[in-house]
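Asks: When you get a sec, could you give me coordinates for this:
(chains A and B)
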Amino acid sequence: MSNPTNDLPQATEHRLEELEKGLFTSDLSVNEFLLIKEVGFHPVGFVMGSSIYHTGIQTRKWSQSQELTKLTEAMYNARELAMNRMEEEAAELGADGVVGVRLDVNYYEWGKDAAEFIAVGTAVKAEDGVSRLNQLGKPFTSDLSGQDFWTLRQTGYMPQGLVMGTCVYHIAHRGIGQTLGTTGQNVELPNFTQALYEARELAMTRMQDEAARLGASGIVGVRLEEKSHQWGSHTIEFLALGTAVTKTSEEMTLAKPTTIISLDN
Amino acid sequence: MSAPVPEIPLDLRAEVRRAVASLDHESRDSGSMTSDLSIDEELNLHSIGWEPVALVSGVSVFSVPVGCWNWGQGEIAVASAAQAHAFHHAITRIHTEAANVGGHGVVGVHIERLVYSTHIEVSLVGTAVRPVGAGAINGSGIFVSDLSARDFTLLMIAGWEPLGLATGASFVFAPRRSVATVLQQQSQNVELTNFTEAMYSARESAMERMQQSALAMHGTGVVEVKVVEGPMRFAGHAVGFVAVGTVVRLAKTTHQLIHPTMVVSLNDQNVAFDAQTLA
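Replies: Next up, the predicted model:
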């Protein structure tokens, strides 16, 4: 991984060269494969990126709610590294974009202080030969499934990129005095409420900033995940993920849905 | 009240021999049929003129040398090779069984793959299928696929045909870090490049081997690729990557569009969007 412009390992180069011989690989289900074909795209290859990242240490104050910037930065960096490598693989294949992107975090027994961040998806290319690269001239990424991609295309929207925002937040513990004071009462715990609120807002704002950089007009399929990873119960990562989209055509081809009542079960 | 005790054959060896011998003679009478397909799947198959024939299986257990999991460097080549052989033999056996019952392919193959410190086991169980009333074909033309009967039907409607299972495996040792490096990195945010590269390369190798087997079958694509990965239960420093997918090829001259209809189910529990076809 010495070459900064293309830091993919050699095995990757070899695998991607093979894919250029006219074989495609894809982790799409048959349903998704057919729906991608239906909207004029062809899968070109299963692409991935990974980064094993060591997260530094940051001291937390027991009774203070605060963002742990160093940890936030680590979560961002590691995911960016994995995503960038996946995009590089897609670019190498001449793809227009990557659909069905999944971001995973793996922990290994031999590296308790480190985590592997993985991004995988299926690179696709438009069959009409017209480039569908995003505004930055890179392949678009999207965590939409084949079904969602099909539906989105029927409405004239095009994914621009998978956008995310993250925030690792330490939520203050309550003092004994406070705990005793509220025992037996119905009362809102403002410090908890505020901390969780702020962390979520920070993550969402960062995600929106990423979408704005892509010139997107909206973000669909947003998910907000909360995970403590291995930091204990008071340190939580808030991760907002979604697909930024822009309208590329005024044509609405989505037919009026038929309502059905299934007699199964 | 005790449950009736199943009768145990007196001579187990003879019983096994009889079972193995029965695999060799061909039975093409369409009288009885076994399959693990649901009624829906069977109807799906019939809608494109195919029928299930029999439940078939293939098993292979391959030994790995003692000590091959002891901590070393780089790839554990013997384990990768053993996994490849086990897959190969299991697939050959399921081919033979399918050929004996007159199947043209095997769908819905359930893959069970187990890695022990002394051996690697692969067992495949699926339903042999054929075009209604068709005669037997020779073993090499039979496809084996882990796609469900429903997915198989859908692929055929779109003009594609499955060719077989492509597999690739790679087992590697995790690289070691010196105590000094660990301490030095303790408080930093830093990518562990040697770890990343080792895992990345291993994953790519597994995929690459899968692609090789797909190319050998003259496929033009591999769908539903699944990459199963993780450390061994008995040796946490050894990590395995196994990629499996179904090789496909365009059977008709062009891809047939399926024109899905949008439906909204009015059932309460099931409001999820579902793109359906199969007119």
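
Asks: Could you check the pLDDT of the closest residue to B:N267 other than its chain neighbours?
Replies: Leaving out its chain neighbours, the residue that sits closest to B:N267 by CB to CB, 6 or more residues apart in numbering or on different chains is A:S262, at 5.2 Å. (Each C-beta comes from the backbone N, C-alpha and C, glycine too.) Note on A:S262: pLDDT of 78.

Asks: close enough to count as contact, A:S262 and B:V263?
Replies: No - in this structure A:S262 lies outside contact range of B:V263 using CB atoms under 8 Å: 9.1 Å.

Asks: ok, those two, which is more surrounded?
Replies: Shown here are A:S262 and B:V263; by other CB atoms under 10 Å in any protein chain shown, B:V263 has more neighbours (15 against 12).

Asks: Where does pLDDT dip in the stretch 1-150 of chain B?
Replies: Counting by pLDDT under 70, the stretch 1-150 of chain B contains low-confidence residues at B:1-10, B:12, B:15-16, B:19-20, B:22-32, B:139.

Asks: residues contacting whichever residue of it sits closest to chain A?
Replies: At 6.2 Å from chain A, B:L147 is the closest residue in the stretch 1-150 of chain B, using CB to the nearest CB. Contacts for B:L147 were tallied using CB atoms under 8 Å, 6 or more residues apart in numbering or on different chains; they are A:30, B:107-108, B:155, B:162, B:223-224, B:246.

Asks: quick one on the thing from earlier: and what about the residue nearest to B:N267, helix, strand or coil?
Replies: coil (DSSP: H, G, I helix; E, B strand; the rest coil).

Asks: ok, now which ones touch the residue in the stretch 151-265 of chain A that chain B sits nearest to?
Replies: Nearest to chain B, among the residues of the stretch 151-265 of chain A, is A:P257, at 4.0 Å (CB to the nearest CB). By CB under 8 Å, 6+ apart, A:P257 lies in contact with B:262-264.

Asks: try it again with 10 Å
Replies: Applying CB atoms under 10 Å, 6 or more residues apart in numbering or on different chains, we find A:P257 in contact with B:261-265, B:273.

Asks: now the residues you listed in TSV, with distance to chain A, pLDDT and secondary structure?
Replies: Below are those laid out as TSV (distance: CB to the nearest CB, whole Å; pLDDT from 0 to 100; DSSP: H, G, I helix; E, B strand; the rest coil):
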residue	distance to chain A	pLDDT	secondary structure
B:T261	6	85	strand
B:M262	4	85	coil
B:V263	5	85	strand
B:V264	5	82	strand
B:S265	5	77	strand
B:F273	6	51	coil
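
Asks: top of those by neighbour count?
Replies: Ranked by neighbour count (other CB under 10 Å), these have B:S265 at the top, with 18 neighbours.

Asks: where's it relative to A:V30, distance?
Replies: Note on B:S265: its distance to A:V30, by CB to CB, to the nearest Å, is 21 Å.

Asks: what does A:W62 give?
Replies: The gap separating A:W62 from A:V30 is 53 Å, by CB to CB.

Asks: The two: which has the busier surroundings?
Replies: More crowded of A:W62 and A:V30, by other CB under 10 Å: A:V30, with 23 against 9.

Asks: Quickly find the element holding the closest residue to that one other than its chain neighbours.
Replies: In space, A:V30 comes closest to B:D151 once its chain neighbours are excluded; the distance is 3.9 Å by CB to CB, 6+ apart. Using DSSP states H and E, B:D151 falls within helix B:149-157.

Asks: tell me the helices in the stretch 51-200 of chain B, going along the chain?
Replies: For the stretch 51-200 of chain B, the helices defined by DSSP state H, counting those that start in this stretch cover B:77-100, B:149-157, B:179-185, B:193-216.

Asks: returning to that earlier point: tell me the confidence at the residue of the stretch 151-265 of chain A closest to chain B?
Replies: In this model, A:P257 is scored at 85, pLDDT.

Asks: neighbours around residue 187, how many?
Replies: In the absence of a named chain, this looks at chain A. Counted with other CB under 10 Å, A:V187 comes out at 9.

Asks: Correction: the question concerned chain B.
Replies: 12.
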